[in-house]
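Asks: what follows is a protein structure lacking sequence information:
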């Protein structure tokens, strides 16, 4: 493996830069490869200025920074190109052009960091012969094959902080506060931040809700001397007998706009309970900020692992994290072997790959 | 199950209150049990004022608070009682007294939240017939049978924040900054925060180190135009050919004191490289603070699961989290089934157990 | 002075609890007074359950908590009571009833913590003979007679954090991000957080703006290789030749709703520059959260000073902070006398008043 | 004014980069000057690589970063040079060499950002004809001529966060927690963070303390059912009848080392009260981290103001902030004129100077 490419696609997520840094350091230090970054997703292959060599100085200081130094402002599906035919716009299959452009880069491996859309294109490229390794990226945590991805923990921090802040106002003013969170098809952000922040009602796409249930819960709290409530709502939550109503259009980017489900829920509550109700749409803030320590750790492991997978020639694969479920074990067994860092595990390997010394060389 | 006891033992950890709250809410709402808290660990059974009934109001507002409302100021092993015999202090086995005191409480289950020491006593109690369920607590993350425990993520946040802060001083002043972190036998805090914070050298108990390796790494960085370095050291790190030198005595509580391994490492570096070197011992701060969203989520799941395990009559067991390893999967498989909240999984069950409405009742 | 009353009115602000705590501790420790809190602003005088005696235990642990333990859910102006006359709603002057209700409480001083509206009522009460001392509270920082009030610094933290988070998305996606912040008549939050966060355009009520100026600035940045911008907008910002368009109705509480000035600005920018533009309305979050250290410090000083002012019998007055302007002084003068804590100043006095020992008693 | 120099000296402080950025943007945009930065304080004049031209790209993204892009690793007083005379080290006056080196740079103004030591040298340079403007920098807040300097608010945040964290452990474990904070001669950090964090005892250099007073306070709390206490200690605190005992040597940099006053206080408390007592030395962490919004705002104002002062030819001066004292004013007066942003004040001027558009051009 002599030449590795890397790109980031889709909406940004805290930790993208940490993946890029780990890819560069691992490829340079461990495999002695050259690394090329492509700007703005797959567009980087079609843009004459789209390729940038990445060295140690390119990734210096980016570990704790949100966003991506490679940019992700791509213009949609690179395989579907709009052309004018007889004065009419037509969409033609441009996939062969893209594959040719990638082949011209003479990459031994292409590491694609992206969400569902970006990775589906990666899979198609793999089928057309491109040596692809995927790294999953999704704030919503809705990608299969992995327990969690980087960015989710940071978004959870932003969402939980918002719930904590709404709590004091709810209580001081005796109000119902409704907070709309990201999660079009998967309700993880609302579920985890709702439980962590002590929300009273959590509405998620996976569990269709009844308005009267929500109202009943809020009134029951009031009767018990809690005349305030917090309602956490995934943007994709839907009533049992209704449609999804989004506060953003159907693209991959988040455009908060009242008029979505949270507002509907808020209006319903105010009407039926007579309690002052306020709606907040958290929006873009959930994508931004300094990645949390967990996200920096996970993103670094992903970047480093992706290079190792590529070096093995295992293409068409994605790195992921093994599932985390609560279980119960015999106390005796749990206490028999105290836990230690696995010195041969991927954590220590990752640290070494990004240049950490353990003082044992 | 009519009457459930709960206690917290050992050093405090962010998330203890979240476990207590989940135990109380789950026991009251789901099982209609009475809940009794015992003050200051097992001492609560011997203290006439040691038992306190726990209701909704007892746990109101404690979810995001560090520490434990039950206290943990116990006087050591309750089984080993000091008595004066013929003017001499002797230690006698008091375990039967403790068991009798517990039996007098007529508990159907006792939920013990604690670290290695506290859980070992729980196991002995179980063997003597006490219906115990354990919940693991350790900042160091050194308990077996679980991938991670609550408190670790918050400690990681404090440790990574410290590394981030030392970075700017290291660079502005061209210094080596050495930071001693918790981890007597397990180096997880230093490893994870070191990687997340971009440390250059990480020394942990599991990987014995050589002083000359550390020095070489720091000098190599200087030659490459990086005349500063960050060294993260577990308190239990040890040189290949030396002993462990602790900055705290051997008890369960953390007593930072220079003179430990970090200071030795710092002095060695300054002497051998001639570079200004500064040592910081983070100490107690790692145990404190508001639990992170992840820790509140995990602690709530543990508390709720412990009550369910107790209700099944599965005693002598401990709740835990299934392991999280980086793996790789075929892209096709990963993309085949997008991930959704498991509406029958322990997360949703936990949320319901602590009183969350999903609007579907 | 034997009996002191205290109430909080208007929208909540981080630091209210710190003021209440300082009032209680200073009144109890320094003056040996009884302290009575009134619930939900002036309504507390009319509500049979409205008065609550405040002791050490009432204020324990509230220093770092947002919100107010006294509540602020008042029903508007207590002087204007709605009555039904001949089947028609009429508003009658109820001020004498309120004054009588207050007189019935036999207070030697009434400390009123509130914003413009609450303090105007306090002034009227003073004119009718009530021994009032005011403590200014305003997130917007729009009250005269003081340089700054508690709550503003915390709101600034929330606003600046939001700008920091939008920055990474703006840059990664090459977008214009518009953020609407609180500030109906005064633009302090947008000005300070905008400068602290590196915003490119700041629109405030005090400086009427031209849409074409905004567009020009954004396009000039794009030409210079910065194809993204951050625009911070006070909710009360207005165009030179237009009206104010609020995203909230005219009451004292904040109700974020798109359709305000930020959205108008965002739509204008997108139309005229062709650049992707996103609008976020931060809303309620600006009122919530744990007060910053500065706000806890200032709120404690205010609470303590208010009791001292009351003890002097200086009624009809408000505590405030002396103005903070940037100036320049001769270097020689600046270096002549190093600064030290004024051991007779209000800071040390405040600390003693809330029970701090300096070890010199 | 055609050519402006800027340097940073002494220990680093959050906000240095924000000052540099404001100096560069104001000098370039408002005055059309060239700006030269000097590396590592005054050493930059003597080092052939010490001068670096500063443009827009040099200061991009540095506003929220701690540390200083110019470095501050100077080798002490540049006027006192060590030379070997007859085999013996002697210190000779090198001030004329330094002045000549500065003159060779042909600067119209030199902006010096530093603490007491750095500014005293600046004053000497001014007396020798160098056109100096000073910007005060001190974490301790001990420089005269200004109410506060940037860096102090961020340090306060770190210190208060530490107190908040110690609180939960103190209470759960029924301990006395002693925290040593910066402040060799001035106790501002301990006073402000102690009050903001609810410390029970605060020991500062300005108020000599008695050990028995401290012990009495802690025992009184225990009697009242508060068997735990927090003690905040400035490193320079001293007993009435004792000497200062530092945990760092006498240089300008902070070297935490137990054995200072905090440890003495802790040992005394444990011995006299029999209560478990723990000591933490916060050390370097107080200098690091992302500057708070207030510090970014103040640092930006200072940088911009310093260039304006230079442009007026007002040399030998320092910028500063006018004093902030708690006062009381008549309510009527306070309410008469609501506060608005002063559109001609230094805040708006600063914003414009760093390139902010208010949309009114």
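Replies: Done, it's in. If you're wondering where the values come from, they're calculated on a predicted model, not measured in any experiment.
Asks: phi first, then psi, for the residue of chain A most remote from its centre.
Replies: The outermost residue of chain A, judged by C-alpha distance from the chain's mean C-alpha position using Cα atoms, centre = their mean, is residue A:86 at 41.5 Å. Reported as degrees, to the nearest 10, the phi and psi values for residue A:86 are phi 50, psi 50.
Asks: before we move on, what about residue A:113?
Replies: phi -110, psi 110.
Asks: which strand residues bridge it?
Replies: Taking DSSP bridges, one obtains residue A:8, residue A:135 as the residues bridged to residue A:113.
Asks: gap between it and residue A:21?
Replies: According to Cβ to Cβ, to the nearest Å, residue A:113 stands 12 Å off from residue A:21. The C-beta positions use only the backbone N, C-alpha and C, and glycine is treated the same way.
Asks: what segments of the stretch 51-200 of chain A are helices?
Replies: Assigned by DSSP state H, counting those that start in this stretch, the helices in the stretch 51-200 of chain A fall at A:95-104, A:116-127, A:152-173, A:188-197.
Asks: excluding chain neighbours, what is closest to the residue in the stretch 251-361 of chain A that chain C sits nearest to?
Replies: Of all residues in the stretch 251-361 of chain A, residue A:288 sits closest to chain C, at 3.0 Å by Cβ to the nearest Cβ. Closest residue to residue A:288 in three dimensions, ignoring its sequence neighbours and counting by Cβ to Cβ, 6 or more residues apart in numbering or on different chains: residue C:165, at 3.0 Å.
Asks: could you check how far the one you found is from chain B?
Replies: 16 Å (Cβ to the nearest Cβ, to the nearest Å).
Asks: how many neighbours does that residue have?
Replies: Applying other Cβ atoms under 10 Å in any protein chain shown, we find 25 residues neighbouring residue C:165.
Asks: ok, now residue A:128?
Replies: When neighbours are counted by other Cβ under 10 Å, residue A:128 registers 14.
Asks: what does the one 5 residues further on give?
Replies: Under the neighbour criterion other Cβ under 10 Å, residue A:133 is assigned a count of 30.
Asks: same deal with the one 4 residues further on?
Replies: Using other Cβ under 10 Å, residue A:137 has 30 other residues around it.
Asks: ok, now the one 10 residues further on?
Replies: Using other Cβ under 10 Å, residue A:147 is surrounded by 17 other residues.
Asks: these two touch, right, it and residue A:188?
Replies: No: no contact is recorded between residue A:147 and residue A:188 when judged using Cβ atoms under 8 Å, the distance being 10.7 Å.
Asks: tell me the contacts of the residue of the stretch 251-361 of chain A closest to chain C?
Replies: When contacts are counted by Cβ atoms under 8 Å, 6 or more residues apart in numbering or on different chains, residue A:288 touches A:12, A:14, A:66, A:67, A:158, C:164, C:165, C:166, C:167, C:168, C:169.
Asks: quick one on the thing from earlier: residues contacting the residue nearest to residue A:288?
Replies: Counting by Cβ under 8 Å, 6+ apart, residue C:165 makes contact with A:66, A:158, A:284, A:285, A:287, A:288, A:289.
Asks: can you pull out the helices in the stretch 201-350 of chain A?
Replies: Shown for the stretch 201-350 of chain A, the helices assigned by DSSP H, counting those that start in this stretch span residues A:211-223, A:261-273, A:293-311, A:331-336, A:346-353.
Asks: quick one, which of those helices gets closest to chain B.
Replies: Scanning the helices of the stretch 201-350 of chain A with Cβ to the nearest Cβ as the criterion, the closest one proves to be helix A:331-336, at 2.8 Å.
Asks: so which bits of that closest one are buried?
Replies: Taking 16 or more other Cβ atoms under 10 Å in any protein chain shown as the neighbour-count basis, helix A:331-336 is seen to contain the buried residues A:331, A:334, A:335.
Asks: which of the residues you listed come close to chain B?
Replies: When contact is defined as Cβ under 8 Å from any Cβ of the partner chain, the buried residues of helix A:331-336 meet chain B at A:331, A:334, A:335.
Asks: any idea how far the closest residue to the second one other than its chain neighbours is from residue B:319?
Replies: Across the structure, with Cβ to Cβ, 6+ apart as the measure, the residue nearest residue A:334 apart from its sequence neighbours is residue B:145 (2.8 Å). For residue B:145, the distance to residue B:319 (Cβ to Cβ) stands at 9 Å.
Asks: quick one: strands adjacent to the helix or strand bottoming out on mean pLDDT in chain A?
Replies: Between all helices and strands in chain A, the lowest mean by mean pLDDT, DSSP states H and E belongs to strand A:80-85, at a mean of 82. Neighbouring strands of strand A:80-85 in its sheet, by DSSP bridges, are strand A:88-93 (antiparallel).
Asks: what average pLDDT does the partner strand get?
Replies: If you average the pLDDT over strand A:88-93, you get 86.
Asks: hmm, who's touching that strand?
Replies: A:79, A:80, A:81, A:82, A:83, A:84.
Asks: the first one - how many residues pack around it?
Replies: The local packing of residue A:79 (other Cβ under 10 Å) involves 18 other residues.
Asks: which residue comes closest to it once chain neighbours are left out?
Replies: Spatial nearest neighbour of residue A:79, excluding adjacent residues (Cβ to Cβ, 6+ apart): residue A:95 at 4.2 Å.
Asks: likewise residue A:218?
Replies: Nearest non-adjacent residue to residue A:218, counting by Cβ to Cβ, 6+ apart: residue A:229, 4.7 Å away.
Asks: hang on, isn't residue A:21 packed against residue A:304?
Replies: No: applying Cβ under 8 Å as the test, residue A:21 and residue A:304 come out as separate, 9.7 Å apart.
Asks: could you tell me which residues touch both of those two?
Replies: Common contact partners of residue A:21 and residue A:304 (Cβ under 8 Å, 6+ apart): residue A:354.
Asks: domains of chain A?
Replies: In terms of domains, chain A is parsed into A:3-150+A:291-353, A:153-287 (source: automatic domain parsing).
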